[in-house]
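Enquirer: Build the 3D model from these lines:
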Amino acid sequence: MLPTQKLYLHNSVAAQPLLHHWYAWPYLIAPHTGALNLRERLLPIMRSYLASPGVHQSALSSPSRYGGPFLNPVHASSADVEVLLETTLRDGQTRLTLADDMDRLRGLLRERATGGSLEPLYPEVPESLRGCVELVYDTANQPSFRFFEALLYRTPAFEPHSQKVSLTAAPVRDQPFVYGSPILPHQDRLDIGVPFANDVWNDVFSARLNAVDVAGLADRLNLDPGDAALFATLFGDEEPAPYRGVGPHEVRMRYFGHATVLVETSAGSVLLDPLIGYAGDGYEHLTMADLPPFVDTVVISHFHSDHFSLETLLQLRTRVGTVLVPRASGGSLQDPSLKIMLEALGFHQVREMGELESFDVAERMQVVALPFIGEHADLDIRTKMVPLVRALGRSFMFATDITPVEPALYGLVQDVVGQVDALFVGLECVGAPLSWLYGPIMEAPLSHEHNQSRRLKGSDADMADRLAQQVGAAHVYSYAMGLEPWLKHLTGSEFEADSEPVRQSKRLIELSAARGVGSQLLYRQAEHVWSAVDGRS
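Expert: Next up is the predicted model:
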């Protein structure tokens, strides 16, 4: 009997998590928000396309419409989209029932919850929500309900049967925007219907570092002979290059694109908002091969899909110690819990952080959660934090997508923040209107004026410069603006020299220079090393 050949997963292999053949972004994964997005976003897009394919094709011929609700079937036909629609209506029936029952419960509360006891209404809660909600008033006696989210993931509405991971030998160039188009089957895609939480995915993705028995993995994934043959082509015998670590008295920052930054010492590592591109996509940037074999701590700043990427996290599940997430509000529809979601997806070391709470990563390395205002269209969303990373006496503040409209906020925590060696700040100062992301979960539509005024935006240059002065930043990096071309299908944008965010980054460089402070727009990749500072925590 021949010995089993063990091989490595190629660094170029892309792995996209899908739900009903749509990219699995966080508000689609959560059962309650996913139910509303299925009914109010995905089904209408498919029906609209089938009614008028030419309208969608015409809209997408304009680059400015790329991030809109327009379906691009790529190599598929209208018949393929129709089959997907029929399959989704059948397989997604539990979620569609949940969406309708949320409407019924909202109507019940509007009609019957007038200030008196809510106890008589529990028997009338729709079936799919029974045991999963608590009926409540706020202090103005406005009725509402909150979810027991952990219980929702125990109901059929979680839909593990609709989860797939789509593998391709290399990332697909010019992929359609994931909010507007499904990822339909293709001969070059291997769509494997094994739920995300299944441990077999740990063994698939750990094969980037540790050789595996490919035939044995194919059996565990229940692949037929044809798919098993395609699966085998994703592996080879080339060993990964040895990892180049950090010196004993150094702090290294590596920028992987968008908002993904690795802060590393010889004792530990912190990876922020991991959304990592692949080798072989035609662009020069850092990949997963540039991560340490083990990442002590991953930090997720907030719930948006360009900061919480299941695609990247799923591939790192065995390489990560603790995942730090901001604390959710506790069951509101608009504010799902990242901790509960990640645990349902097979992550076992997840910790929520409230404002000003800290977590010790390693010797002289710590993460502190700071308050976050902005980019959430004034909704009561609390699953967000500004991470402050301390390492060997250095301090790095990651202000991602904040809008620092209230200077007093960081003034009150100046003793916690101290002096910052580097401020990382998002300058996506235009942003999309509220409905672009949150429309499906809103109980009633906003007026056009209010929808346009409540935007998913971050800082402009003047705001960022004031914040930099307030925290005494020795250097300022602008980032997290969706500029990297290999992420266009996820962020909806790419680098344009005359775009407002890029112009703001140039202005920030000028404002910083006038104060004798260095500033830089992070784009594609970057690396910087600081020496340790003795006597500072």
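Enquirer: residue contacts, residue 220?
Expert: 200, 203 (CB atoms under 8 Å, 6 or more residues apart in numbering). From N, CA and C alone the C-beta is placed, and that goes for glycine too.
Enquirer: Buried residues in stretch 526-536, which are they?
Expert: 526, 530, 532-533 (16 or more other CB atoms under 10 Å).
Enquirer: got the contact list for that stretch?
Expert: Residues beyond stretch 526-536 that count as contacts (CB under 8 Å, 6+ apart) turn out to be 246-247, 249-255, 265, 364, 392-394, 421-422, 520.
Enquirer: Can you flag the buried ones in those residues?
Expert: By 16+ other CB under 10 Å, the contacts of stretch 526-536 give 246, 250-255, 265, 364, 392-394, 421-422, 520 as buried.
Enquirer: between those residues, which is nearest residue 92?
Expert: For the buried ones among the contacts of stretch 526-536, the minimum distance to residue 92 (CB to CB) is 38.6 Å, reached by residue 255.
Enquirer: And residue 105, how far from residue 119?
Expert: 15 Å (CB to CB, to the nearest Å).
Enquirer: So which of these two has more stuff around it?
Expert: Higher neighbour count among residue 105 and residue 119: residue 105, with 20 against 8, using other CB atoms under 10 Å.
Enquirer: OK, contacts around the more buried one?
Expert: 125-126, 129, 133, 145.
Enquirer: where are the low-confidence patches of the stretch 401-537 of the chain?
Expert: For the stretch 401-537 of the chain, residues meeting the criterion pLDDT under 70 lie at 535-537.
Enquirer: how about the strands of it, start to end?
Expert: 422-426, 432-433, 455-456, 475-479, 518-521, 526-531 (DSSP state E, counting those that start in this stretch).
Enquirer: roughly how far is the second one from the heart of the chain?
Expert: It refers to strand 432-433. 17 Å (CA atoms, centre = their mean, to the nearest Å).
Enquirer: Each with direction, which strands does it pair with?
Expert: strand 455-456 (antiparallel) (DSSP bridges).
Enquirer: Kindly report the same for the fourth one.
Expert: Strand 475-479 sits in its sheet next to strand 422-426 (parallel), strand 518-521 (parallel), going by DSSP bridges.
Enquirer: CA atoms only for the longest one, dumped as PDB, please.
Expert: The reference is to strand 422-426. C-alpha atoms of strand 422-426 as PDB (Å, rounded to 0.1, in the frame of the first residue of the first chain):
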ATOM      1  CA  ALA A 422       0.300  56.600  15.700                       C
ATOM      2  CA  LEU A 423      -3.300  57.400  15.000                       C
ATOM      3  CA  PHE A 424      -5.000  55.300  12.300                       C
ATOM      4  CA  VAL A 425      -8.100  57.100  11.100                       C
ATOM      5  CA  GLY A 426     -10.700  56.400   8.400                       C
END
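Enquirer: contact partners of that strand?
Expert: By CB under 8 Å, 6+ apart, strand 422-426 touches 253, 259, 261, 375, 396-402, 458-459, 464, 467-468, 471, 473-481, 522, 528.
Enquirer: Then the last one?
Expert: The contact list for strand 518-521, computed with CB under 8 Å, 6+ apart, reads 474-479, 502, 505-506, 508-509, 511-513, 526.
Enquirer: ok, so of these, who is nearest residue 358?
Expert: Among the contacts of strand 518-521, and counting by CB to CB, the member closest to residue 358 is residue 474, at 21.9 Å.
Enquirer: Name all residues that make contact with the closest residue in space to that closest one that isn't next to it in sequence.
Expert: Using CB to CB, 6 or more residues apart in numbering and skipping the chain neighbours, the partner closest in space to residue 474 is residue 421 (5.2 Å). Counting by CB under 8 Å, 6+ apart, residue 421 touches 394-396, 473-475, 530.
Enquirer: now, the most widely separated pair of those?
Expert: Using CB to CB, the pair of these lying farthest apart is 473 and 530, separated by 13.3 Å.
Enquirer: pLDDT averaged over stretch 200-211 - what is it?
Expert: Here stretch 200-211 scores 97 as its mean pLDDT.
Enquirer: Could you tell me the end-to-end distance of stretch 376-396?
Expert: End-to-end distance of stretch 376-396 (CA to CA, to the nearest Å): 23 Å.
Enquirer: can you check stretch 109-128 too?
Expert: With CA to CA as the measure, stretch 109-128 spans 16 Å from end to end.
Enquirer: Same question for stretch 452-472.
Expert: 34 Å.
Enquirer: same question, stretch 119-131
Expert: 13 Å.
Enquirer: contact partners of that stretch?
Expert: 94, 97-98, 100-102, 104-105, 108-109, 112-113, 133, 135, 145, 148, 151, 155, 157.
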